[in-house]
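Undergrad: Starting from these lines, generate the structure:
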Amino acid sequence: MPQPSRRLQLAIEPLPLRTPLRIAGHAFAAMPALVAQLQQDGCRGRGEASGVYYFGDDPPTMQASVLAQREAIESGIDREALRALLPPGGARNAIDCALWELEAQLSGRPVWALAGIDAPQPLTTMFTLGADDPATVAAGARAHAQARVLKLKLDGDADADCARVRAARAARPDATLAVDANQGYRLDSIAPLIAVLHEQGVRLLEQPFARGSDADLDALDSGLELIADESVQGLDDIEALVGRYRVVNIKLDKCGGLTEALLMVERARALGLKTMVGNMLGSSWAAAPAFVLAQRCDYVDLDGPSFIAQDRAEAVFYRDGRIHCPASVWGDGVASRLSPISTESIA
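TA: This next block holds a predicted model:
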């Protein structure tokens with residue numbers, strides 16, 4: 001049987017942010033991304049990946065990984081074979097998402113239908129505030145007037161973090177608050193933060209300790225709903241979370257795409273864990289596949305495109321604290337006129 005005539009295109013796009021975002025140990029002014037496009041039989045599939053910055057999984061590295069497997073990808077590899085070909089990470093995510101959209105166009109069925117999911121609906125999402133001074137955090141909380149859920153980035157300085165939480169709560173007494181420590185705490189430093197979280201009615205705490213230090217959680221009786229982020233990359237990491245975390249933060253860049261992410265939701269649920277879909281910032285091409293996954297998750301954190309200085313021509317939008325993703329953004333199953341990825345509307 002002849003192999004399909006498939007062509008791969010790659011581009012690295014800078015994706016500058018509107019304003020810098022500060023988290024524990026890092027500040028982002030841009031979130032460069034690898035964009036992949038697969039063309040076949042007059043159809044195309046697109047995937048965007050920013051990688052996992054704390055593993056050095058950046059766009060040039062991802063691009064090299066993809067190019068090393070170009071022959072297999074262009075020969076007609078499917079998504080299951082891709083999981084064996086590339087490890088979890090941004091390179092696999094870019095190609096996996098491109099394969100989903102390509103399959104949707106070739107079959108004339110939207111990605112959500114191929115995934116066995118009901119037609120996607122708008123969902124309440126978290127909106128992120130950086131680890132800035134308390135006055136800036138308060139101003140940001142007020143500026144996000146539509147947000148129902150605010151996620152505060154912390155930096156591991158307990159006094160400063162407690163002030164940030166109090167400032168956000170004073171500015172938005174009506175909002176649900178969550179905090180993300182991004183591995184910034186240790187067992188011997190976290191007690192003041194835990195006390196203030198209870199005081200301010202915050203019940204969600206994401207990744208308090210460093211990846212690899214999860215056993216320290218056995219001695220932490222926080223009374224909070226702990227979310228694993230850096231401590232869970234892909235499917236094989238989930239079982240170790242049981243008894244320590246209550247929620248699994250699934251990101252397509254970490255696990256390597258929508259294919260594995262869907263399997264992670266099933267595994268987490270079977271183990272009694274809740275799920276959350278997150279993002280590594282990125283444009284609407286990164287958010288749209290995650291939006292499909294979000295339909296099966298308990299928590300949604302997909303505000304990434306709101307940070308990008310200039311999003312795609314067709315883009316997700318936010319209203320009343322919810323993310324809306326028009327079908328035309330990605331994966332609607334309608335074959336579109338082919339155009340080089342470099343001519344899209346990203347600055």
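Undergrad: you'd agree Ser65 is up against Leu86?
TA: Yes. With contact defined as Cβ atoms under 8 Å, Ser65 counts as touching Leu86 (6.4 Å). No exception for glycine: its C-beta is placed from N, CA and C like everyone else's.
Undergrad: Of those two, which one has the most company?
TA: Set Ser65 next to Leu86 and count neighbours by other Cβ atoms under 10 Å: Leu86 wins out with 25 against 21.
Undergrad: was I right about the more buried one contacting Ala68?
TA: No. Assessed by Cβ under 8 Å, Leu86 is found out of contact with Ala68, at 9.2 Å.
Undergrad: residues of stretch 159-168 that come out buried?
TA: By neighbour count with 16 or more other Cβ atoms under 10 Å, stretch 159-168 contains the buried residues Ala160, Asp161, Cys162, Ala163, Arg164, Val165, Arg166, Ala167, Ala168.
Undergrad: Checking Leu177 next. Helix, strand or coil?
TA: strand (DSSP: H, G, I helix; E, B strand; the rest coil).
Undergrad: can you pull the contacts of it?
TA: Leu177 makes contact with Val149, Leu150, Lys151, Leu152, Val165, Ala168, Arg169, Gln200, Gly201, Val202, Leu204, according to Cβ atoms under 8 Å, 6 or more residues apart in numbering.
Undergrad: Flag the shaky bits of the stretch 51-200 of the chain, pLDDT-wise.
TA: Low-confidence segments of the stretch 51-200 of the chain (pLDDT under 70): none present.
Undergrad: ranges for the helices of it?
TA: Using DSSP state H, counting those that start in this stretch, the helices found in the stretch 51-200 of the chain span residues 59-68, 70-74, 79-85, 90-107, 111-114, 134-143, 158-171, 191-199.
Undergrad: Against Ala210, how distant is the nearest residue to Ala219 once chain neighbours are set aside?
TA: Counting by Cβ to Cβ, 6 or more residues apart in numbering, Ala219 lies nearest to Leu187, which is 6.1 Å off, once chain neighbours are set aside. Going from Leu187 to Ala210 by Cβ to Cβ, to the nearest Å gives 11 Å.
Undergrad: what does Tyr299 give?
TA: 22 Å.
Undergrad: now Ala131
TA: In this view, Ala131 and Ala210 are 17 Å apart by Cβ to Cβ.
Undergrad: Neighbour count: the two, which is higher?
TA: A direct count of neighbours by other Cβ under 10 Å for Ala131 and Ala210 places Ala131 higher, at 26 against 16.
Undergrad: from memory the more buried one sits against Gly25, does it?
TA: No. Contact criterion Cβ under 8 Å: Ala131 and Gly25 do not qualify, at 9.8 Å.
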